[in-house]
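Student: Build the 3D model from these lines:
(one chain, ligands or ions: 1)
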Amino acid sequence: VVIAIDGPAGAGKSSIARALALELGFTYLDSGAMYRAVALDAREREADPAAVAAQLRITLDGERVLLDGREVSAAIRSPEISQAASRVAADPRVRAAMVALQRRMLATGDWVAEGRDIGTVVAPEAELKVFLTASPAERARRRAADLGADPGTVLAEQTIRDQRDLTRAHSPLQAAPDSVVLDTTELGFEEVVRRVAELARERLRGRSGAT
Ligand code: DC
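Tutor: Have a look, this model is predicted:
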């Protein structure tokens, strides 16, 4: 079973997807961490991101992200790597490698997978697709609070990344036609988790009833 949570940066995908996975007893997949790991590895080795992506040795272990066995959970969250990740994610060769890796992971077990293209490209057969959004100002406010950063700076950086993610030629960020779009600008965290969990349970019930 796959539950896809897509949407722009700062819409609350990670925290919602994590909470949902915990509640349902599913495994959480942070696909953005994979693009970030490619960006970090390519930068450190001054290598072509596509070559790095083709042989990425990444382990996603709960909260921890390991690159070749080395913990990079904090290093991949820096503002520099955020921008670099958004650039490498526009490279179709990097995307092809990541999508293949993600599909292999999702092929067995029960997952809550979070990203930009899970419902559209990686797992179009997902049992439930949720597209989380919020106003740009609210998304920047939340991320600034998380990072302890200045909201204005975060908004400026977020606008550049949004623009790149939305307009790239390959798998631009867009809601799958069969996704449930949820605008969280006015909703609290618990409320969003409650609504998404309810949708997931409905779909899972429908599924077991059909077999
Ligand atoms: O979700 P995030 O901020 O950690 O993602 C980092 C970058 O990777 C972001 O700019 C968009 C890109 N990304 C993507 O293109 N496809 C995904 N499935 C996940 C992330």
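
Student: switch to C-alpha atoms for all contacts and neighbour counts from now on
Tutor: Will do.

Student: Just the pLDDT for R207.
Tutor: Looking at R207, its pLDDT is 81.

Student: That one and the ligand, how far apart?
Tutor: In this view, R207 and the ligand are 25 Å apart by CA to the nearest ligand atom, to the nearest Å.

Student: Use 39 as the first number from now on
Tutor: Will do, 39 is the new start, and the previous item becomes R245.

Student: Doesn't that residue lie inside a helix?
Tutor: Yes: the assignment for R245 (DSSP: H, G, I helix; E, B strand; the rest coil) places it in a helix.

Student: What is the neighbour count of it?
Tutor: 12 (other CA atoms under 10 Å).

Student: Those residues of the chain touching the ligand, which are they?
Tutor: Counting by CA under 6 Å from any ligand atom, the chain comes close to the ligand at 47, 69-71, 73-74, 120, 123-124, 127, 153-156, 199, 203.

Student: how about a cut-off of 5 Å?
Tutor: S69, G70, Y73, A123, S124, A127, G153, R154, D155 (CA under 5 Å from any ligand atom).

Student: Which neighbouring elements make contact with the one helix or strand the fourth one maps to?
Tutor: Using DSSP states H and E, A123 sits within helix 117-126. Judged by 3 or more CA pairs under 8 Å, 6 or more residues apart in numbering; DSSP states H and E, the packing partners of helix 117-126 are helix 69-83, helix 189-205.

Student: Centre-most residue in this structure?
Tutor: Among the residues of the chain, G153 comes closest to the average C-alpha position under CA atoms, centre = their mean, at 2.4 Å.

Student: what's across from it in the sheet?
Tutor: When bridges are called by DSSP bridges, G153 pairs up with D44.

Student: Identify the residues contacting it.
Tutor: When contacts are counted by CA atoms under 8 Å, 6 or more residues apart in numbering, G153 touches A42, I43, D44, G45, K51, D68, S69, G70.

Student: switch to 6 Å and redo it
Tutor: Counting by CA atoms under 6 Å, 6 or more residues apart in numbering, G153 makes contact with D44, S69, G70.

Student: quick one: which of these has the most company?
Tutor: Within those, most neighbours by other CA under 10 Å means D44, with 30 neighbours.

Student: Could I get the pLDDT score of that residue?
Tutor: 97.

Student: so it touches A151, yeah?
Tutor: No: using CA atoms under 6 Å, D44 makes no contact with A151, being 8.4 Å away.

Student: And the helices in this protein, which stretches?
Tutor: 51-62, 69-83, 87-92, 117-126, 130-144, 174-185, 189-205, 227-248 (DSSP state H).

Student: Report the rounded mean pLDDT for the fifth one.
Tutor: Meaning helix 130-144. Model confidence over helix 130-144, given as mean pLDDT, is 97.

Student: Could you check how far it is from the centre of its chain?
Tutor: Distance of helix 130-144 from its chain centroid, counting by CA atoms, centre = their mean, to the nearest Å, is 13 Å.

Student: and it, which residues are buried?
Tutor: Buried residues in helix 130-144, counted by 16 or more other CA atoms under 10 Å: R131, V132, R133, A134, A135, M136, V137, L139, Q140, L144.
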